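K.L.:
next input, structure requested:
(chains A and B)
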Protein chains: 2
Amino acid sequence: MMYRSSLKRTSEKIHTFSKFGDAGHGGITRYSLSDEAKQARQYYVERMTKIGATIETDDFANMYATLPGSDSNAKRIVMASHADSVKNGGNYDGILGVIGAMEVLETVAAEKIPHKHPLTAMIWTNEEGSLYPPAMMSSGVVCNAYLPKEIAKNFKEENMLASKSVLDKVSTFGEALEKSGLKGAKENRLSPDKYKAMFELHIEQGPILENAGLDVGVVTCVLGMFNTRIKFYGQAAHAGTFPMEFRQDALFAAAQVLCYLHAEIDKLGHPELVYTTGEMVVHPCVHTVIPDYVDFSIDVRHEDPEVLKKVYQIVRSLEGKEWAKCRCEVVDQWNRDTVYFDKKLVGYVKEAAEELHTKHQYINSGAGHDAQFAAYVLPTTMIFVSSEKGLSHCEPEHTSDEVCNEGISVLLNAVLKCDKE
Amino acid sequence: MMYRSSLKRTSEKIHTFSKFGDAGHGGITRYSLSDEAKQARQYYVERMTKIGATIETDDFANMYATLPGSDSNAKRIVMASHADSVKNGGNYDGILGVIGAMEVLETVAAEKIPHKHPLTAMIWTNEEGSLYPPAMMSSGVVCNAYLPKEIAKNFKEENMLASKSVLDKVSTFGEALEKSGLKGAKENRLSPDKYKAMFELHIEQGPILENAGLDVGVVTCVLGMFNTRIKFYGQAAHAGTFPMEFRQDALFAAAQVLCYLHAEIDKLGHPELVYTTGEMVVHPCVHTVIPDYVDFSIDVRHEDPEVLKKVYQIVRSLEGKEWAKCRCEVVDQWNRDTVYFDKKLVGYVKEAAEELHTKHQYINSGAGHDAQFAAYVLPTTMIFVSSEKGLSHCEPEHTSDEVCNEGISVLLNAVLKCDKE
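P.N.:
Here you go, the predicted model:
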């Protein structure tokens, strides 16, 4: 038997959460542990308490609202996402997964849907890392013991507590946590002993579903990636007095290499590959001075490690070479392997979408999510809903209430399938 | 008869001035009107007074040390440059022209060289505009009535006095001038009624003379130029979730256009043309976000207005076009025509260099100097000495004492030729 979540309740929650941190022009700024974030959590607690859920908080202020199941010995099935945003972000990234989890519990309660396992609607703290970097901070801490060492070392608990505010450069995440009144017990953390599976509903943040005329994505993995910095060493000189033939112009070198990389990487012929140069530093950045130093980032993502390897070889081949008489240096920053979601859970999501006649397809996640860390701890998967124009991390970020609710219905039925195991 | 300036006195002055603002690693930071600048002027006053020169100061703190000539009705011949530096600049840019002027007066006094016209060694205030922009501030004010309107409007006296410190963003040039104790009478300003001709000795700031194995450049003009800003409007999106085919990457557009401009401009085949992109702005400049806005400067210089026009047409042709699906906008910033120096004075410099057997060639100035504004007021010219590796506006800026003195000897004899008119 298939169930449907309530469009009315879903709309009500989307509308209400959009007021906590309302930036005045359609979007929100809701940093983790801020007053706005506390208002959002208060609303969550009120609604969850109303349907009889028990509220727990762990030592990183992650919150868990749990509705008991018929088997008091069964592990919990958790649906989780985050309630914080980037600066001038939208009303869907993160919070939609919390709304979806809440709506599943409310539907189960309202329609008295029988279920064996306790069902938990969870909020992860500080997924964006907007005020206190890094992103995915508390899932990185909670899942730390299960993560590959190379990743785990970036999320050491003591370093996270010491993370400084990007605004005042002084106050720390740890201090904000103490002051928040939201700090709970460490034993409440998500763990494989107590939790059976995790689902995360999220907006796609890309245009693939919309372009295909679909509402829901059955997510199979989070893409592997690497991030590298490419540096150019030139010679500063006066723009008016230094002949072209003797110049070592680091910016011209960088522009040539950026075009070269696009040409070489595109030749590989992998349409699903994405690569991005988002950051560039130009020194001294004065219009009358030939730049003596430039560096730029390159972020490359693909599911297949062999494809990533080919791109990496193109990037590495620049090392030590000269472009426009400037020496080029390639510095690795970080990388991660593709994280595959649990096949059985992916199957439940696929079946639920089919049975609901939801327009859907398989998709991968190019962005990082708390679910990718949880996937190392317990069976985990994700569900995407389409993003209008593919926009996210900005105020125009939008998905209709109907499409959001469609995704929530898929989540509800996938969870109930998992419950039947 | 040919005269030679004193290497000993020249070295002494180079060495002593290098202590006023010594930044501790070979160069100086000596902002106009600073304590260090006042020390330098004090030393100038001491040496000039010692040889019997009269000191005058005008209302922009430009200083004039004048040695009388045999004809009390004759106009003065002035040798002028500036004593201020950029941040962490070198020991030659500007100050060498002051040292040269002082040395000419000292040689004339020491060797009792007969001369008809009064000879003036002058210091221009705030040529670099390092602390209070713009560059060439006080020559822009003093010569204002004679400058082309398009240039004159950038140097209105009231705006210059209101120019704010780039450090504290509050204090103004006018306040610094009042506090300095260096403000004199407006009637002391350089004017064609009182001055017959101006010479400015300066380092080349480029590698042309050194590469040709020469010591001195006979400067014929300051190059015409234009400065334009090229802007690209893209669409920000997530680096991991947005397929390549739908992207509007403003940085990739900018890199392509920079390479395109180099290719197209180089095709014109003018080896003396110089063009520079020194400044680039990338927004939002985050490694996980596709840039939605990029702009860069392009500064183009050449003697021939027809060549500048051809380059300008290439740049303007970008307007409204799309690159990497990003709209391109071209915004003119400013331009100036080539300023030719006085043919008779250029001839004196050339003759002096030949008669002294100084290794020399004709050269143009790609950089701007106070002399280019003075050239609108009275017959003016410049003399360059070679710059090691073409470096300037940095601490390693260097020219040997011998080459400096060679340039000063050329200055001395050119001035004496002018005196005989």
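K.L.:
where exactly do the helices run in the stretch 101-250 of chain A?
P.N.:
Secondary structure of the stretch 101-250 of chain A, counting by DSSP state H, counting those that start in this stretch: helices at A:137-142, A:149-152, A:157-161, A:173-180, A:208-211, A:250-267.
K.L.:
and whichever helix or strand comes after the longest one, which strands flank it?
P.N.:
Read it as helix A:250-267. Per DSSP states H and E, helix A:250-267 leads on to strand A:274-276 as the next helix or strand towards the C-terminus. Partners of strand A:274-276 in the sheet, by DSSP bridges, are strand A:293-302 (antiparallel).
K.L.:
tell me the gap between the partner strand and the middle of its chain.
P.N.:
20 Å (CA atoms, centre = their mean, to the nearest Å).
K.L.:
that one versus helix A:250-267: what angle between them?
P.N.:
With axes from the mean of the first three to the mean of the last three CA atoms, to 10 degrees as the basis, strand A:293-302 and helix A:250-267 are set at 20 degrees to each other.
K.L.:
can you name the next helix or strand after strand A:293-302?
P.N.:
Per DSSP H and E, the helix or strand that comes after strand A:293-302 is helix A:305-316.
K.L.:
of the helices of the stretch 101-250 of chain A, which is nearest chain B?
P.N.:
helix A:250-267 (4.0 Å; CB to the nearest CB). Where C-beta positions appear, they are placed from N, C-alpha and C, glycine not excepted.
K.L.:
ok so, going back, JSON lines for the helices of the stretch 101-250 of chain A, including mean pLDDT, distance to chain B and mean neighbour count?
P.N.:
Shown next, in JSON lines, are these (pLDDT from 0 to 100; distance: least, CB to the nearest CB, whole Å; neighbours: other CB atoms under 10 Å in any protein chain shown):
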{"stretch": "helix A:137-142", "mean pLDDT": "98", "distance to chain B": "16", "mean neighbour count": "26"}
{"stretch": "helix A:149-152", "mean pLDDT": "94", "distance to chain B": "16", "mean neighbour count": "14"}
{"stretch": "helix A:157-161", "mean pLDDT": "98", "distance to chain B": "20", "mean neighbour count": "16"}
{"stretch": "helix A:173-180", "mean pLDDT": "97", "distance to chain B": "20", "mean neighbour count": "18"}
{"stretch": "helix A:208-211", "mean pLDDT": "97", "distance to chain B": "7", "mean neighbour count": "20"}
{"stretch": "helix A:250-267", "mean pLDDT": "98", "distance to chain B": "4", "mean neighbour count": "21"}
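K.L.:
among the ones you listed, which is nearest A:Arg336?
P.N.:
Across the helices of the stretch 101-250 of chain A, A:Arg336 has its closest neighbour in helix A:149-152 (6.4 Å, CB to CB).
K.L.:
just want the phi and psi numbers for the most centrally placed residue in chain A.
P.N.:
Central residue of chain A (CA atoms, centre = their mean): A:His369, 3.2 Å from the mean position. Main-chain torsions, A:His369, degrees, to the nearest 10: phi -150, psi 160.
K.L.:
spit out the contact partners of it.
P.N.:
A:His369 makes contact with A:Ser81, A:Glu127, A:Met136, A:Glu200, A:His202, A:Val222, A:Met382 under the criterion CB atoms under 8 Å, 6 or more residues apart in numbering or on different chains.
K.L.:
which of these fall in strands?
P.N.:
Counting by DSSP state E, the part of those found in strands is A:Ser81, A:Glu200, A:His202, A:Val222, A:Met382.
K.L.:
kindly provide the distance from the fourth one to chain B.
P.N.:
Using CB to the nearest CB, to the nearest Å, one obtains 9 Å as the distance from A:Val222 to chain B.
K.L.:
who's in contact with that residue?
P.N.:
Going by CB under 8 Å, 6+ apart, the list of residues near A:Val222 reads A:Thr338, A:Val339, A:Phe341, A:Asn364, A:Ser365, A:Ala367, A:Gly368, A:His369, A:Ala371, A:Gln372, A:Ala375.
K.L.:
which stretches in the stretch 51-200 of chain A count as strands?
P.N.:
A:54-57, A:63-67, A:76-82, A:119-124, A:195-203 (DSSP state E, counting those that start in this stretch).
K.L.:
got the CA positions of the second one in PDB?
P.N.:
To tie it back to what came earlier, the one meant is strand A:63-67. Extracted as PDB, the C-alpha positions of strand A:63-67 are listed here (Å, rounded to 0.1, in the frame of the first residue of the first chain):
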ATOM      1  CA  MET A  63      18.800  16.900  17.200                       C
ATOM      2  CA  TYR A  64      16.800  13.800  16.900                       C
ATOM      3  CA  ALA A  65      13.000  13.600  17.100                       C
ATOM      4  CA  THR A  66      11.800  10.000  17.400                       C
ATOM      5  CA  LEU A  67       8.400   8.400  17.000                       C
END
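K.L.:
most widely separated two among the ones in strands among the contacts of A:His369?
P.N.:
A:Ser81 and A:Val222 (14.2 Å).
K.L.:
surely A:Trp334 touches A:Asn227?
P.N.:
Yes. Using CB atoms under 8 Å, A:Trp334 is in contact with A:Asn227, at 5.4 Å.
K.L.:
is there a neighbour count for whichever residue of the stretch 51-200 of chain A sits closest to chain B? I'd like the number.
P.N.:
Nearest to chain B in the stretch 51-200 of chain A, going by CB to the nearest CB, is A:Ala135, at a distance of 9.0 Å. Using other CB atoms under 10 Å in any protein chain shown, the number of residues around A:Ala135 comes to 18.
K.L.:
please apply the same query to A:Ser400.
P.N.:
14.
K.L.:
same deal with A:Ser297?
P.N.:
As a measure of burial, A:Ser297 has 20 neighbours, counting by other CB under 10 Å.
K.L.:
thank you kindly, that will do.
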